[in-house]
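> need a structure here:
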Amino acid sequence: MRHLIVLLSALACTAPLAAQGPVTTRYREAADRIIAAALADSAAYARLGELVDRFGHRLSGSESLERAIDWILTGMERDGLANVRGEPVLVPAWVRGRESAELVSPRPMQLPMLGLGGSVGTPPEGVTAEVLVVSSFADLDAHAAEARGRIVLFDVPFTSYGPTVRYRSDGAVAAARHGAVAGLLRSVTPNSQRSPHTGATDYDDSVPRIPFAALTVEDAMMLHRMQDRGERIVVRLTMEATTLPDRPSRNPMGELVGRERPDEVVVLGGHIDSWDVGQGAMDDGGGVVAAWEAVRLLKRLGLTPRRTIRVVGWTNEENGLRGGTAYRDAHQDALDRHVLAIETDAGVFAPQGFGFQGSDSAYALVRQVGALLEGIGAGAVTRGGGGADISPITREGVPGMGLDVDGTRYFWYHHSNGDTLDKLDPREMNLCIAALAVMAYVVADLPEGLPR
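Numbering: from 1, shown residues only. All right, here's what the predicted structure looks like:
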């Protein structure tokens, strides 16, 4: 281990001089200890494996989510974290039920599909109608007269997540506005092995709520080719999806209490809920366990910062953001004492650094902290960052930060049955833990604090 620390120190000294400073010098030894300890074993990967294998997916309102939260709270207590608790949150309960999509014409064929979260169901006999394939909202508008009474399929290739996901969130409303009886979506992913991807959809009370589901990339392209050849396309869509009354859930959390200013807090974590497919290992079980392990690691090393570090597994990020909102409401009177909020929700792939939102003076300080991570390739701190769960408190003025990772493969498995443990690498997860632990510890320990 001594040789590893020497090597890391030598590598870290190659950080750009502009990012070096008093913070880098003061915390070099502690950072190297944290990094070496984080890379020493794969206990966190094993813990993540137990979480996802034992409880599987963890949709808001489900029994599997609540049992997973119980397990986390028990584990945090066993780890010796302080103030372990589950703060109450009321979450939506959408239930998928049985579902299917079948190509009726021009030939019979089963189409792999996933209903989109929050969608209404079909009548028991399903919806059978001709399909209109469009490539964009503008294309739909141009063919508005043809959409009435049909199933509209949005065959929109993936460019980047933001522009493409609009068709998942707004597609049902756009199709209903033109009289469609149901909607279908080319899954939001750049890579597919005939695997559908789910995710939340939205409705607008000014138009009817129609069933909305995702097809695979391959099948959406096939239906588009059929239409281009002038063939009549008919699909039968059957969905039992329903929304039940809200159910109680919790934000599980625990703390490493600060030695001098315990009422000042650095909060970090990910979301414990997932969609009801796959295991939710990448999105975002790995983020929750990595943040938890970062705090446990600091406690094991005897590194107690001046301020408190609180790890949270926010609930209901996927289809409501109730966990992040409830956290803001529960801690409203203490937000002026929240020094920094850190979120990890992009998969625990190889870390590259952090994105930061806050004042210029705070940015200068966290760049110095980032320089401590140059030796493991995670030293870049850029402007802009955060995450959905911390957005309710960053809008209140709390500085925010998101862990940036190599996102090459993230949307390959995002919201699909492919989100399983094997997609993650133990060493990459350990590097994420090191980055989170160093950033959280140093910011929580700064004598002068992080200016707003």
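> all strands of the stretch 101-250 of the chain, in order?
Here the stretch 101-250 of the chain has its strands, by DSSP state E, counting those that start in this stretch, at 109-111, 113-115, 127-134, 151-154, 182-186, 212-215, 234-239, 242-256.
> so which of the ones you listed gets nearest residue 49?
The closest of these to residue 49 is strand 242-256. By C-beta to C-beta, the value is 18.6 Å. Where you see a C-beta, it was placed from the backbone N, CA and C, and this is true even at glycine.
> strand partners of that closest one, parallel vs antiparallel please.
When pairing is defined by DSSP bridges, strand 242-256 lines up against strand 82-95 (antiparallel), strand 307-314 (antiparallel).
> return the set of buried residues in the longest one.
Of the residues in strand 82-95, those buried by neighbour count under the rule 16 or more other C-beta atoms under 10 Å are 84, 86, 87, 89, 91, 92, 93, 94.
> ok, stretch 310-319 next?
310, 311, 312, 313, 314, 315, 316, 317, 318, 319.
> and stretch 275-294, end to end?
By C-alpha to C-alpha, to the nearest Å, the extent of stretch 275-294 from end to end equals 25 Å.
> cool, stretch 74-82 as well?
Across stretch 74-82, first to last residue, C-alpha to C-alpha, it's 12 Å.
> follow-up on the earlier one: wait, which of the strands paired with strand 242-256 is closest to residue 220?
Judging these by C-beta to C-beta, what sits closest to residue 220 is strand 82-95, at 23.5 Å.
> about what we covered before: now mean pLDDT, distance to residue 30 and mean neighbour count too, for the strands of the stretch 101-250 of the chain, in JSON lines please.
JSON lines is the format used below for the strands of the stretch 101-250 of the chain (pLDDT from 0 to 100; distance: least, C-beta to C-beta, whole Å; neighbours: other C-beta atoms under 10 Å):
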{"stretch": "strand 109-111", "mean pLDDT": "98", "distance to residue 30": "55", "mean neighbour count": "15"}
{"stretch": "strand 113-115", "mean pLDDT": "98", "distance to residue 30": "46", "mean neighbour count": "26"}
{"stretch": "strand 127-134", "mean pLDDT": "98", "distance to residue 30": "56", "mean neighbour count": "20"}
{"stretch": "strand 151-154", "mean pLDDT": "99", "distance to residue 30": "51", "mean neighbour count": "28"}
{"stretch": "strand 182-186", "mean pLDDT": "98", "distance to residue 30": "48", "mean neighbour count": "29"}
{"stretch": "strand 212-215", "mean pLDDT": "99", "distance to residue 30": "46", "mean neighbour count": "29"}
{"stretch": "strand 234-239", "mean pLDDT": "98", "distance to residue 30": "54", "mean neighbour count": "22"}
{"stretch": "strand 242-256", "mean pLDDT": "98", "distance to residue 30": "14", "mean neighbour count": "19"}
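> so which of those strands comes closest to residue 449?
Nearest of the strands of the stretch 101-250 of the chain (C-beta to C-beta): strand 242-256, 17.3 Å.
> after that closest one comes which helix or strand?
With elements assigned by DSSP states H and E, the helix or strand that comes after strand 242-256 is strand 261-271.
> so for residue 263, which of the strands paired with strand 242-256 sits nearest?
Closest among the strands paired with strand 242-256, once you apply C-beta to C-beta, is strand 307-314, at 7.5 Å.
> after that closest one, which helix or strand is next?
helix 322-330.
> okay, that next one in PDB with CA atoms only?
Extracted C-alpha coordinates of helix 322-330, given in PDB (Å, rounded to 0.1, in the frame of the first residue of the first chain):
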ATOM      1  CA  ARG A 322     -40.700  13.200  -4.500                       C
ATOM      2  CA  GLY A 323     -37.600  12.200  -2.500                       C
ATOM      3  CA  GLY A 324     -35.600  15.200  -3.500                       C
ATOM      4  CA  THR A 325     -38.600  17.500  -2.900                       C
ATOM      5  CA  ALA A 326     -39.300  16.000   0.500                       C
ATOM      6  CA  TYR A 327     -35.700  16.400   1.500                       C
ATOM      7  CA  ARG A 328     -35.800  20.100   0.700                       C
ATOM      8  CA  ASP A 329     -39.000  20.500   2.700                       C
ATOM      9  CA  ALA A 330     -37.800  18.600   5.700                       C
END
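> who touches that helix?
60, 87-92, 249, 251, 271, 273, 312, 314-317, 335, 388-393, 396 (C-beta atoms under 8 Å, 6 or more residues apart in numbering).
> after that helix comes which helix or strand?
Assigned by DSSP H and E, the successor of helix 322-330 is strand 338-343.
> from the contact counts, what lies against that following strand?
strand 261-271, helix 391-394, strand 400-405, helix 426-445 (3 or more C-beta pairs under 8 Å, 6 or more residues apart in numbering; DSSP states H and E).
> please produce TSV containing these, extended by distance to residue 357.
Converted to TSV, those look like this (distance: least, C-beta to C-beta, whole Å):
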stretch	distance to residue 357
strand 261-271	15
helix 391-394	6
strand 400-405	5
helix 426-445	14
